[in-house]
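Novice: how does the following fold in three dimensions:
(one chain, ligands or ions: 2)
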Amino acid sequence: MEYLDLSPCSTASGTIRLPGSKSISNRTLLLAALAEGSTEVRGLLDSDDTRRMLEALQALGVAWEQIAERDYRVHGVGGAFPVKSGELFLGNAGTAFRPLTAALALMDGDYTLKGVARMHERPIGDLVDALRELGAQIDYLGQEGYPPLRIRPWQNQHDATPGLRTRVRGDVSSQFLTALLMALPLGGEDARIEVVGELISKPYIDITLNLLRRFGVQVERRGWNEFQLPGRQRYHSPRTIHVEGDASSASYFLAAGAIGGGPVRVEGVGNHSIQGDVKFAETLAQMGALIAMGEDWIEATGPVVAKGKKLTAIDADLNHIPDAAMTIAVLALFADGTTTIRNVASWRVKETDRLSAMATELRKLGATVDEGADYIAITPPAALTPNAVIDTYDDHRMAMCFSLVAVGGTPIRINDPKCVAKTFPEYFEVLAGVAR
Ligand SMILES: O=C(O)C1=C[C@@H](OP(=O)(O)O)[C@@H](O)[C@H](O)C1
Ligand SMILES: C=C(OP(=O)(O)O)C(=O)O
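Specialist: Ligands and ions are numbered 1, 2, ... in the order given. Down below sits the predicted model:
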């Protein structure tokens, strides 16, 4: 097993430029591929998840080229992929698997969609059910409700009731609704989606609606339970899209500033961001950090916890920032009491069972952890256990957030550090630039 030993740091300060947002990158690539005309995508994230999307689009006959280090030109196919059959490997990229499933299900080809072993344990049944209501022909090739999938040509019924009507559950992953919203213009008719159950991770739907709008697709939202798309909409290339920096990736550096004195400034996201994870900064402020924010940057300053200073423990519902909430779980080690993170049941079906993984690894540092069905409560020990060996479960966020233990002054070993490649291949080098 490869590992990385991180030495204790005494301070963290400096400025970093963030890699592109995963959520915006993969949505933009798919919408640009489906659009009429070509789109220049500037600042695309270069990581496993975006590679899987780029490869899949290429396999489907979409032409794209890299025009600069982070800039791509995607030649849209105007709503129908030229390649009508094939097998796509989508790794563990939820933002590739779910939206491509919906788009391909409303086309006339025959496709097999696979991923890594963990992707085959991540639920997709709610999305498949919603697509089947529209006449999609989807078969499970393994376990019912999970990838891999076989998708055959859409049989749009055009029955008595005109228009496309479907329902989708919103309480397992918001990516199912995102996938439907992005694919439904392919149907050509007016469409309505009813969301059943409480929708989780709502800010990701805002990202979807924002990008659809930029590609010329209007969606009417009634609360969070009903979404309507007028008929005969097409995806029109906006010519250029600038991908913001990744707000979830920003959380590790802002956290470093909050426990290592700071200031640490991240560039690429700010108060103009369309990503919900910028709200991480508010939670960090509740824990005692000082936050400053501009249009395109955020800066965090805080106590040097290595010198015995503490953050403020919080009890918070973090359903709106499920990814950055993992960073809060590790910051809880530096707080003055028990920190409780609520309403994060979705952690169980992500890259790993994150509630269980988080509890197991925090205990290795001496924390007392109460792991519930949808919450985690963390009480730090008097002193963190040095040189804990942290397993990362092939979960990039486990590796990234536990590196903060070293920023807080305690040496730590991170097993399989390369798993950060899912969203941030150069993470540890960038961290070394600010944490000393
Ligand atoms: O739509 C998106 O880009 C994402 C939605 C969230 O997933 P859930 O909706 O499953 O919580 C988030 O955790 C994931 O990293 C990205
Ligand atoms: C949940 C995540 O990824 P995915 O897009 O694969 O769902 C994540 O990046 O934390």
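
Novice: doesn't residue 83 belong to a strand?
Specialist: No: Residue 83 is assigned coil when assessed by DSSP: H, G, I helix; E, B strand; the rest coil, not a strand.

Novice: how close does it get to ligand 1?
Specialist: Applying C-beta to the nearest ligand atom, to the nearest Å, the value for residue 83 to ligand 1 is 25 Å. Bear in mind the C-beta positions are built from the backbone N, C-alpha and C, glycine included.

Novice: how near is that residue to ligand 2?
Specialist: From residue 83 to ligand 2 the distance is 24 Å (C-beta to the nearest ligand atom).

Novice: could you do residue 200 as well?
Specialist: 12 Å.

Novice: what about that residue, neighbour count?
Specialist: Look at residue 200: counted by other C-beta atoms under 10 Å, it has 22 neighbours.

Novice: do a quick rundown of the helices in this structure.
Specialist: 22-34, 48-59, 94-105, 125-133, 175-183, 203-214, 247-259, 280-286, 325-331, 354-364, 396-402, 404-407, 427-434 (DSSP state H).

Novice: domain ranges for this protein?
Specialist: 3-19+245-434, 22-242 (the TED database).

Novice: reformat these as JSON lines; add mean pLDDT.
Specialist: As requested, the domains of the chain are exported to JSON lines (pLDDT from 0 to 100):
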{"stretch": "domain 3-19+245-434", "mean pLDDT": "98"}
{"stretch": "domain 22-242", "mean pLDDT": "97"}
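
Novice: who's in contact with the closest residue to ligand 1 within the stretch 1-150 of the chain?
Specialist: Going by C-beta to the nearest ligand atom, ligand 1 is nearest to residue 23 of the stretch 1-150 of the chain, at 3.2 Å. By C-beta atoms under 8 Å, 6 or more residues apart in numbering, residue 23 lies in contact with 95, 204, 207, 246, 275.

Novice: buried subset of the residues you listed?
Specialist: The neighbour-count test (16 or more other C-beta atoms under 10 Å) marks 95, 204, 207, 246, 275 as buried among those.

Novice: mind listing what residue 144 touches?
Specialist: The neighbourhood of residue 144, defined by C-beta under 8 Å, 6+ apart, consists of residue 125.

Novice: please report the distance of it from residue 218.
Specialist: If you measure residue 144 against residue 218 using C-beta to C-beta, to the nearest Å, the figure is 36 Å.

Novice: what do you get for residue 119?
Specialist: 32 Å.

Novice: who's more crowded, those two?
Specialist: Set residue 119 next to residue 218 and count neighbours by other C-beta under 10 Å: residue 119 wins out with 23 against 12.

Novice: hang on, the earlier thing: and among the domains of the chain, the most buried is which?
Specialist: Counting by mean count of other C-beta atoms under 10 Å, domain 3-19+245-434 has the highest mean neighbour count of the domains of the chain, with a mean of 21.

Novice: so how far is it off the chain centroid?
Specialist: Remark: domain 3-19+245-434 is offset 15 Å from the chain centroid, using C-alpha atoms, centre = their mean, to the nearest Å.

Novice: could you tell me the end-to-end distance of it?
Specialist: 21 Å (C-alpha to C-alpha, to the nearest Å).

Novice: picking that back up, make TSV from the buried ones among the contacts of residue 23 and add distance to ligand 2 to it.
Specialist: Formatted as TSV, those follow (distance: C-beta to the nearest ligand atom, whole Å):
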residue	distance to ligand 2
95	4
204	9
207	12
246	9
275	12
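
Novice: let me know the closest of those residues to ligand 1.
Specialist: residue 204 (3.7 Å).

Novice: which non-adjacent residue is nearest the closest residue to ligand 2 within the chain?
Specialist: Proximity to ligand 2, evaluated over the chain using C-beta to the nearest ligand atom, is greatest for residue 94 at 2.7 Å. Once flanking residues are discounted, residue 94 sits nearest to residue 175: 5.3 Å by C-beta to C-beta, 6 or more residues apart in numbering.

Novice: hang on, that neighbour packs against residue 93?
Specialist: No: counting by C-beta atoms under 8 Å, residue 175 does not reach residue 93; the two are 10.4 Å apart.

Novice: about what we covered before: what's the closest of the helices of the chain to residue 421?
Specialist: For these, the distance to residue 421 is smallest for helix 48-59, at 4.9 Å, taking C-beta to C-beta.

Novice: which residues are contacting that closest one?
Specialist: 20, 22, 25-26, 29-30, 33, 44, 64, 72, 74, 83, 86, 88-93, 95-96, 100, 421-423, 425.

Novice: can you rerun that using 6 Å?
Specialist: By C-beta atoms under 6 Å, 6 or more residues apart in numbering, the residues outside helix 48-59 that reach it are 22, 25-26, 29, 33, 86, 88, 90-91, 93, 96, 421-422.

Novice: can you give me the strands in the stretch 301-436 of the chain?
Specialist: With strands called from DSSP state E, counting those that start in this stretch, the stretch 301-436 of the chain shows them at 315-317, 339-342, 368-371, 376-379, 388-390, 412-415.

Novice: coming back round to it: of the contacts of helix 48-59, just say which sits nearest to residue 68.
Specialist: residue 25 (15.0 Å).

Novice: ok, that closest one - contacts?
Specialist: Contacts of residue 25 (C-beta under 6 Å, 6+ apart): 44-45, 50, 243.

Novice: can you pull the contacts of residue 386?
Specialist: 410-411.

Novice: all numbers from here: first residue = 29
Specialist: Done: numbering now begins at 29, and the last item shifts to residue 414.

Novice: so how far is residue 359 from it?
Specialist: Distance, residue 414 to residue 359, using C-beta to C-beta: 18 Å.

Novice: okay, how far is it across stretch 166-177, tip to tip?
Specialist: Terminal-residue distance, stretch 166-177 (C-alpha to C-alpha): 7 Å.

Novice: is that stretch positioned near ligand 2?
Specialist: No: judged by C-beta under 6 Å from any ligand atom, stretch 166-177 stays clear of ligand 2, getting no closer than 12.0 Å.

Novice: what does the stretch 29-178 of the chain put close to ligand 2?
Specialist: Near ligand 2, when you scan the stretch 29-178 of the chain using C-beta under 6 Å from any ligand atom, you find 120-123.

Novice: which of the residues you listed sit farthest apart?
Specialist: 120 and 123 (10.4 Å).

Novice: on that earlier part again, looking at the helices of the chain, which is nearest to residue 194?
Specialist: Residue 194 lies closest, by C-beta to C-beta, to one member of the helices of the chain: helix 153-161, at 4.4 Å.

Novice: tell me what that closest one is packed against?
Specialist: Counting contacts by 3 or more C-beta pairs under 6 Å, 6 or more residues apart in numbering; DSSP states H and E, helix 153-161 packs against strand 192-197, helix 203-211.
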